[in-house]
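In: Have a look; sequence and predicted model below, questions after that.
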Amino acid sequence: EKATILNGNKIANDIHKELKVIVDVWVKDGNRKPNLVAILVGNNPASKVYVQRKMKVATLIGIESSTLLFEESITQKDLMKTIDQLNKNETVNGILVQLPLPEHINEYEICQKIVPHKDVDGFHSDNIGRLSLNNDTLIPATALGVMELILRSKIDTIGKNAVVVGRSKHVGLPIALLLHTRCQGNLGGLDMTTTICHRHTPHTELVQFTKLADVVVSATGIPGLITKDMIKPGACVIDVGISRIKKGDKYKLVGDVDFENVKEVAGYITPVPGGTGPMTVAMLMKNTISVTIKNYQWKE
Ligand code: ADP
């Protein structure tokens, strides 16, 4: 029996429709459209595509959006000044800085500069701290997207085993936080027994952990890391890795999971592209709406 393919595009589209209804009501009530500003530095082609995609979905939902483009050579000081202006600008609801930034820019300081209540990526230490304590907060979109995908696909989680492969502060860690915490409606997680593996986990150990997992989430950017022999039959395999590999003279997007073979044993699997990527964008929109509409409650 083959795995059910979790269609991130379809679920994200459902979410877009739900969010559009909320924005329409908000605007009909005489409020200004939610306004999202993205900062894009340099010429990273993948970053450009990601920002374009985010802005396109924003427009679809009725969120106003704009992208500020800067040369690769922009200084830390000028970038900080730009964020400061956006922080003070009352017409701006959400601010996001597309990562990665050039080598000479300190990403941590840039993320810290965004006022926490406009930090739609949820990377500010105040927001991560609140997430760690299960307080209401802005949660990084990729992690929210993974959770929403699991919830909407009705995967059993309470008391089950999860393995997160990758421990980056923006992706792996917040995913692990959401998987392991207690389910409390809007604030909660998935109540799973959660293990975090990373580059120092010996591969033989990684296999031991993933074999016990009911949910495997991989976020390493290593194509083919997760193979069929590592997966418990029926498990849910979620691929958050995105690598651009050259095929002939074209680029192709691939995930961490050996999709063709893993789908033969897994119960559920996400494709790349069309799995977690669109979910991330949908959750960024959700965050933009929640910073705009005070007291906005994401559905239970
Ligand atoms: P992202 O921002 O998408 O999470 P990063 O490059 O910041 O990507 O992080 C990659 C993560 O993958 C790191 O936490 C690293 O420890 C983990 N990783 C790298 N190689 C392996 C491996 N062979 N096995 C398990 N985890 C790995």
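Out: Yep, it's here. Just so we're clear, the structure is a prediction, and the values are computed from it rather than from any experiment.
In: so how many other residues sit close to the residue in the stretch 201-300 of the chain positioned nearest to the ligand?
Out: Proximity of the stretch 201-300 of the chain to the ligand (C-beta to the nearest ligand atom) peaks at T220, 3.5 Å away. Where you see a C-beta, it was placed from the backbone N, CA and C, and this is true even at glycine. Residues lying near T220 (other C-beta atoms under 10 Å) number 21.
In: Need the three-state assignment for it.
Out: Secondary structure for T220, judged by DSSP: H, G, I helix; E, B strand; the rest coil, is coil.
In: Contacts only, for it.
Out: By C-beta atoms under 8 Å, 6 or more residues apart in numbering, the residues touching T220 are 165-166, 199, 241, 256.
In: Quick check: can you name the pairing partners of the helix or strand L69 falls within and their directions?
Out: Taking DSSP states H and E as the criterion, L69 maps to strand 64-70. According to DSSP bridges, strand 64-70 has the following sheet partners: strand 35-41 (parallel).
In: how about the CA coordinates for the next helix or strand after the partner strand, as CSV?
Out: Later in the chain than strand 35-41, the nearest helix or strand by DSSP H and E is helix 45-61. The C-alpha coordinates for helix 45-61 follow below in CSV (Å, rounded to 0.1, in the frame of the first residue of the first chain):
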residue,chain,number,x,y,z
PRO,A,45,17.5,33.8,-7.1
ALA,A,46,15.8,31.5,-4.6
SER,A,47,15.1,34.4,-2.2
LYS,A,48,13.6,36.4,-5.1
VAL,A,49,11.3,33.6,-6.0
TYR,A,50,10.2,33.1,-2.4
VAL,A,51,9.4,36.8,-1.9
GLN,A,52,7.5,37.0,-5.1
ARG,A,53,5.4,34.0,-4.1
LYS,A,54,4.6,35.5,-0.7
MET,A,55,3.6,38.8,-2.3
LYS,A,56,1.4,37.0,-4.9
VAL,A,57,-0.5,35.1,-2.2
ALA,A,58,-0.8,38.3,-0.1
THR,A,59,-2.5,40.0,-3.1
LEU,A,60,-4.8,37.0,-3.6
ILE,A,61,-6.0,37.3,0.0
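In: circling back: contacts with the ligand among the contacts of T220, please.
Out: Restricting the contacts of T220 to those touching the ligand (C-beta under 6 Å from any ligand atom) yields 165-166, 199.
In: Can you add pLDDT and give the residues you listed back as JSON lines?
Out: JSON lines is the format used below for the ones next to the ligand among the contacts of T220 (pLDDT from 0 to 100):
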{"residue": "V165", "pLDDT": "98"}
{"residue": "G166", "pLDDT": "98"}
{"residue": "R199", "pLDDT": "98"}
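In: Would you map the strands across the stretch 101-250 of the chain?
Out: Ranges of strands within the stretch 101-250 of the chain are 161-165, 193-197, 215-218, 236-239, 243-247, 250-254, based on DSSP state E, counting those that start in this stretch.
In: export those to TSV and tack on mean neighbour count?
Out: Below are those laid out as TSV (neighbours: other C-beta atoms under 10 Å):
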stretch	mean neighbour count
strand 161-165	27
strand 193-197	20
strand 215-218	28
strand 236-239	29
strand 243-247	12
strand 250-254	14
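In: got any ranges where the stretch 151-300 of the chain has weak pLDDT?
Out: Along the stretch 151-300 of the chain, the parts satisfying pLDDT under 70 run over 298-300.
In: Show me what from it comes close to the ligand.
Out: Going by C-beta under 6 Å from any ligand atom, the residues of the stretch 151-300 of the chain near the ligand are 165-168, 170-172, 197-199, 201, 206, 219-222, 225.
In: of those, buried ones?
Out: Buried members of these, scored by 16 or more other C-beta atoms under 10 Å, are 165-167, 170-172, 197, 201, 206, 219-221, 225.
In: of those residues, closest to Q112?
Out: Closest approach between those and Q112, by C-beta to C-beta: H170, at 13.3 Å.
In: these two touch, right, the closest one and F123?
Out: Yes - the criterion here is C-beta atoms under 8 Å, and H170 meets it with F123 at 6.0 Å.
In: Need the residues touching each of those two.
Out: Shared contacts of H170 and F123 (C-beta under 8 Å, 6+ apart): P140.
In: hmm, back to that, for the contacts of T220, give me JSON lines that also has distance to N35.
Out: Formatted as JSON lines, the contacts of T220 follow (distance: C-beta to C-beta, whole Å):
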{"residue": "V165", "distance to N35": "36"}
{"residue": "G166", "distance to N35": "32"}
{"residue": "R199", "distance to N35": "39"}
{"residue": "G241", "distance to N35": "32"}
{"residue": "D256", "distance to N35": "35"}
